[in-house]
Each structure stands twice: as structure tokens, then as C-alpha cells.
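Student: Structure, please.
(one chain, ligands or ions: 1)
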Amino acid sequence: MDPEGARNPVFRVGLLISMPPLSAPSRQATGTVDAAARQAGFLGTGSFVPEGRLTNADLEAMVDTSDAWILERTGIRERRKAGSGLTASMMGAEAGRRAMAAAGVSTVDAIIVATCTGDSRIPSTACLVQRSLGLDGVAAFDINAACSGFLYGLILSRSLIATGAAETVLLIGSEALTTYIDYTDRSTCVLFGDGAGAVVVGAVAAGGVRAVRWAASGANSDLIYYGPKDGEPDTMNAMRMAGKGTFRMAVERLTEVASDVCADAGWRAEDIDLVVPHQANLRIMEAVTKRLGVPMERVMVNIDRMGNTSAASIPVAMAEAADTSRVRNGDRVLLMAFGSGVTWGAVALEWTGQPA
Ligand code: UT7
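Tutor: Got it, this is the predicted structure:
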């Protein structure tokens, strides 16, 4: 498995020079409800996370870190780690199987897998999921928008349903991130975990997606990348992140995009029943929701047990919210994510995923 190869240092220098100030106003593509179009909502959710746990104590034994530092700076206590041989397609297929069972459907019209840690460059992880689910003939493809991948996939699924290109889409976020980690790099190795979450998206008579916003800034692609350590070309290829810059930009962009999507949907802070944010850092979730005026009791948090699972984090958290009745049909749910690219987005939806 060699997903990206070494990064090109010349290219990176160019990016650094052209990087705009973080506070520059962002552009976002938007979409609100077109009353004439078919509405898309969730028909069922599911997740799969590996049994293996990597605790902060385990990491203390591997690298110069401490449980206190990790907990205070990130909110993470443990993360899941797939054993060798357990791939993104395997986890994704199991999450997809569970979402389809919850939705009561035996087939779908398309399978989209959001992942940046797929089994191989080709074929797509979605095609491997399709094979595992026995859904030969169903359209299948991957998208890579890193931690925003699930939201990008949801926005795409909604469009497929609105245009009639699909009646149902199995949308999966699946990541085998721990195979992309340099366990000598304490600034990243404590953050990431493995897992998969899935939803069946389909046409709904009421509720569903109300408004979407998505955006990207390739000018800031140096913030999170796969490659050797910055300035150390002999180090291994792995997930790398400029933590502080990413943190600052994530808080700014998430606050902005979440406010905008709520305005598009006509929601005030008090209208939101549940926020399901990408689980990158508890302090990011706290900072953004405080700025939005939503109390933490209405924020779904599982980063303490899952770490950051990139594209899987929102669907894994949503499946947990559904399974524990933290979300019910008709609830107004705000989803938001920020990740490598950099990419970000938000979706306002009325929950429809509870079986009738
Ligand atoms: O999912 C995609 C989006 N991801 C994000 O949005 C994540 C954004 N960033 C973050 O969550 C945080 O920046 C981190 C958790 C990655 C880092 O937290 P921080 O509070 O920004 O710490 P820092 O990078 O500024 O480092 C502070 C200190 C440094 O030591 P010195 O230079 O002050 O002596 C680091 O070397 O903490 C040190 N440090 C650690 N110490 C113990 C960095 N990592 C560790 C560690 N254990 N694991």
C-alpha cells in the first residue's frame, strides 16, 4: 500500500509562498431546498469499528507523550486500530451491510465510499465493497475529500437523488488511518483511529437535507498531507499536520460554514437539536459550537473513544446517535467537517433515519 509517494518539495515551496491569510473571506458553493426536486434523507445508518483499542497508555509506551497531554489537548482517551489485514473496504462493507439492514433495503442504485486510506489505488474501495455486498452491477466509486469526504458524498448523493439518477445511494465513510501513521511522530500519531460508518440515502416525502455548503482551499494543502516530515525528506511517508494552523483555520471555517448553512435553512441556534461535527479535536468542537450558541449537551461527541477517523467520523457518530436515541425523526441536525485539502462543508438536515 503506497497511496501517494513522496511529496514534491518544489511544489510545496510554491504553495507556502502563495498561501493566503487564514482570515481571507472564504467562498462556498451553496444549495438550499428546491421544492420541485425530490428530497433526500437518511433511510438507515450503520457502523463498524475494529475491536482493537489503542489507549493513551499504549501510546505513552511508544512515544514521548502522556495521557494528560492527549486528553487535555484533544479529548481522546483511546482510538480503534484495525488488525493487520482489516482494510477500509472490509470495514466499509460491514458498515454498509448494517445501514442497509437498518433501512430495510436489499439493494441500492449507487455505492459511494469516502476515504483517503482505501485498500489500493485501483480498483476503488467502493468496487471492493460492492463485491463484498454481492451488489454486482450497482454503480460504485470513491471520493477523497479527506475528513470532509462524508459531507461531500452526502451533497453528491442528494444531487443524484434530486435528479433521478439514483433512488437510493449507499454512502460510506471508511478509513484505515492507523496504517498511514508514523508512530514516532507524536504530533500526529495520538490523533487518528480506524472505522467505518454508512448511511442509505434515499428519496423522502418529508424532512431530509435542507441546505448544504461545501468549499475547498488548495492553497492551504500544506496544512495536512501524506508524506515525509516537513523539511526531513528521509522520514517515512505518513500523515503529517501543522496542528496549530489547522486548528485555527478549522475553527474559523467551521464557524462560518455552519452559520451560513443554518441561515440557508432558516434555523436559529435554538432550533438545532443535535450537532454532529467531524471528530478532530474536542476543543475545536467546543470553540465552534460556543460561537454558534449551541450548548455541548446538543453536540454528539465520541472522539474520546474513537479518535479522529477522518471521513468515517461523522457517520460513525451519527450511527451511535441513532442507536442510543440521541436523534429522532424530525430532529434538526447540523453536520460539519474540516479536513485535508483543505476542504470543509456543512449540511443542515431533518432526521429521517429512524425506522417507522
Ligand atoms: O481532521 C482534520 C483536521 N484536524 C484538525 O483540525 C486538528 C487540528 N489541530 C489540533 O487538534 C491540535 O493542534 C493538536 C492536537 C494537533 C496539537 O495541539 P496544540 O495544542 O496545537 O499543540 P502544539 O502543536 O502547539 O504543541 C504544543 C506543545 C509542543 O511543545 P513545545 O514546542 O511547546 O515544547 C509540542 O511539541 O506540545 C508538544 N506536543 C506534544 N506533547 C506531548 C505535540 N504533540 C504532543 C504529544 N504529547 N502527543
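
Student: and residue 142, what element?
Tutor: strand 139-143 (DSSP states H and E).

Student: and the closest residue to the ligand within the chain, what does it touch?
Tutor: Going by CB to the nearest ligand atom, the ligand is nearest to residue 243 of the chain, at 2.8 Å. Quick note: C-beta positions are derived from backbone N, CA and C, even for glycine. The neighbourhood of residue 243, defined by CB atoms under 8 Å, 6 or more residues apart in numbering, consists of residue 187.

Student: Same question for residue 41.
Tutor: So residue 41 contacts 201, 202, 203, 204, 207, 208, 209, 349, 350, 351, 352, 353 (CB under 8 Å, 6+ apart).

Student: Same list (these) but as CSV, adding neighbour count, distance to residue 229 and secondary structure.
Tutor: As requested, the contacts of residue 41 are arranged in CSV below (neighbours: other CB atoms under 10 Å; distance: CB to CB, whole Å; DSSP: H, G, I helix; E, B strand; the rest coil):
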residue, neighbour count, distance to residue 229, secondary structure
201, 33, 39, strand
202, 25, 44, strand
203, 17, 47, strand
204, 19, 47, strand
207, 20, 46, coil
208, 23, 44, strand
209, 28, 40, strand
349, 27, 39, strand
350, 20, 45, strand
351, 22, 42, coil
352, 23, 45, coil
353, 28, 41, coil
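
Student: that's a strand at residue 30, yeah?
Tutor: Yes: according to DSSP: H, G, I helix; E, B strand; the rest coil, the state of residue 30 is that of a strand.

Student: Which residue, other than its chain neighbours, is closest to it?
Tutor: In space, not counting the residues next to it along the chain, residue 30 is nearest to residue 213; the distance is 5.2 Å by CB to CB, 6 or more residues apart in numbering.

Student: Farthest pair within the contacts of residue 41?
Tutor: 203 and 351 (15.7 Å; CB to CB).

Student: hey, which helix is longest across this protein?
Tutor: With DSSP state H setting the assignment, residue counts place helix 243-265 as the longest helix in the chain.

Student: State the mean pLDDT of it.
Tutor: The average pLDDT within helix 243-265 is 98.

Student: for it, which positions count as buried?
Tutor: Of all the residues in helix 243-265, those buried under the rule 16 or more other CB atoms under 10 Å are 245-262, 264-265.

Student: same question, stretch 303-320
Tutor: For stretch 303-320, the buried set under the neighbour-count rule, 16+ other CB under 10 Å, comprises 303, 305-320.

Student: distance of the residue nearest the centre of the chain from residue 102?
Tutor: In the chain, the C-alpha closest to the average C-alpha coordinate belongs to residue 311, at a distance of 2.9 Å (CA atoms, centre = their mean). Residue 311 sits 20 Å away from residue 102, going by CB to CB, to the nearest Å.

Student: Next: residue 68.
Tutor: In this structure, residue 68 and residue 102 are separated by 39 Å, where distance is defined by CB to CB.

Student: next one: residue 271
Tutor: Noted for residue 271: a distance of 26 Å to residue 102, by CB to CB.

Student: ok, now residue 78?
Tutor: Residue 78 sits 26 Å away from residue 102, going by CB to CB.

Student: Neighbour count for the two, which is higher?
Tutor: Neighbours were tallied for residue 78 and for residue 102 using other CB atoms under 10 Å; the higher tally belongs to residue 102 (22 against 18).

Student: wait, what's in contact with that one?
Tutor: The contact partners of residue 102, by CB under 8 Å, 6+ apart, come to 43, 44, 45, 46, 200, 322, 353, 355.

Student: quick revisit: what about the buried residues of stretch 303-320, which are in helices?
Tutor: Of the buried residues of stretch 303-320, the ones assigned to helices by DSSP H are 303, 305, 306, 313, 314, 315, 316, 317, 318, 319, 320.

Student: Would you convert those residues into a markdown table that also reports distance to the ligand and pLDDT?
Tutor: Written out in a markdown table, the entries for those read as follows (distance: CB to the nearest ligand atom, whole Å; pLDDT from 0 to 100):
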| residue | distance to the ligand | pLDDT |
| --- | --- | --- |
| 303 | 10 | 98 |
| 305 | 16 | 98 |
| 306 | 12 | 98 |
| 313 | 8 | 98 |
| 314 | 11 | 98 |
| 315 | 15 | 98 |
| 316 | 14 | 98 |
| 317 | 13 | 98 |
| 318 | 17 | 98 |
| 319 | 19 | 97 |
| 320 | 18 | 98 |
